[in-house]
Structures are given as structure tokens and as C-alpha cells.
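Chemist: got a predicted model here, sequence first, then my questions.
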Amino acid sequence: MPRSRINGNFIDKTFSIVANILLRMIPTTSGEKEAFTYYRDGMLAQSEGNFAEALQNYYEAMRLEIDAYDRSYILYNIGLIHTSNGEHTKALEYYFRALERNPFLPQAFNNMAVICHYRGEQAIRQGDSEIAEAWFDQAAEYWKQAIALTPGNYIEAHNWLKITRRFE
């Protein structure tokens, strides 16, 4: 039984009901409907912290989904899981792959910047200021892209860019 049919959360049930209605109304192929079902089940599992189950659903959705835009969100969510698990190299890979399919994902740019900033802080703690600056410069580039896509968002990043004189 799909996860969306057994979840007890009211909001998740409401989302599932609305999603099922939309799936019936919107003209899509059975493969697209199945891909969306796996994606939705992946989101539900992810929201509950069941990352292994979420990844299984996302990988199955990727196998079925043919639309590049929809695939970008699946890849982005896989990146989120790897970020949560501290697997930053894998996360960056999935964010890059998401952006290849949809270059208008400011949240992917932001998450990449956060990872780079974190790595810069790690380099400082290890006493390598040159490596730290390279990571901070990369973080700045990603934050600039996120801010360009959604002006007014990412205020803390915007302030960091100004304070560190990385904002042009």
C-alpha cells in the first residue's frame, strides 16, 4: 500500500487527497502518475525522517519521470537528504544535477552556498585560511545566484556578502 494511503497526519492526508484529485483531472500518462506517486511518498517519508525510504521512492520516481523540470525537484530532494546526513559531497552532486535541469532553483544555490561556507569554517578551524577563502568565495558565488533569482530572500546571506565585501 502506498505510504500516502497509510499516513496518519491530517495535513499529509489532505495533501494526498488533493494530489490524487489533481492526478485524475490533469491529462498525464500512467508513468507520470506513477512517478508522482513515488515522489509524493518520498516527500512524506522524508518529512518523517525516514530518509532510506524517501531515497528509495525518489530513485524510483527518477526511473519513471521523463520531464527535466520535475526531475530537478526529485534531485534537489535527494540532495537535501544527503545534506541532512552530512554527506556534503553527494549533496553538492545532486544539487548540481538539479540545476542542470532547472537553473531557476534558488534553494539549490543556497544549500550549495551553505555547504561551501561550512567547509570554509572547517578550513579555518584546521588553520588553512587560503582554503577557507576559496570555500567562502565559492559560497559567495552561489549566494549571489540565489539572491539574483529571488531578490529579498536570503537576507542573512546578503548581509554576509556585504560584511565580507563579496557583494558587488
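Modeler: Sure, I can see it. From a predicted model like this one, the values you see are computed outputs, not experimental measurements.
Chemist: going by C-alpha atoms from here, please, whenever you check contacts or count neighbours.
Modeler: Will do.
Chemist: let me know the outermost residue of the protein.
Modeler: Relative to the C-alpha centroid of the chain, counting by Cα atoms, centre = their mean, residue 127 is the outermost residue, at 30.9 Å.
Chemist: mind telling me what element that one is part of?
Modeler: Following DSSP states H and E, one finds residue 127 outside all helices and strands.
Chemist: if I look at it, how far off is residue 133?
Modeler: Separation of residue 127 from residue 133 (Cα to Cα, to the nearest Å): 12 Å.
Chemist: residue ranges with poor pLDDT in the chain?
Modeler: Low-confidence segments of the chain, defined by pLDDT under 70: 1-28.
Chemist: can you tell me the element the residue nearest the centre of it falls in?
Modeler: For the chain, the residue lying nearest the average C-alpha position, counting by Cα atoms, centre = their mean, turns out to be residue 76 (3.2 Å). With the criterion set as DSSP H and E, the secondary-structure element containing residue 76 is helix 68-84.
Chemist: which outside residues touch that helix?
Modeler: Helix 68-84 is touched from outside by 39, 46, 51, 55, 58, 61-62, 65, 88, 90-95, 97-102, 108, with contacts defined as Cα atoms under 8 Å, 6 or more residues apart in numbering.
Chemist: show me which residues of that helix are buried.
Modeler: Buried residues in helix 68-84, counting neighbours by 16 or more other Cα atoms under 10 Å, are found at 69-83.
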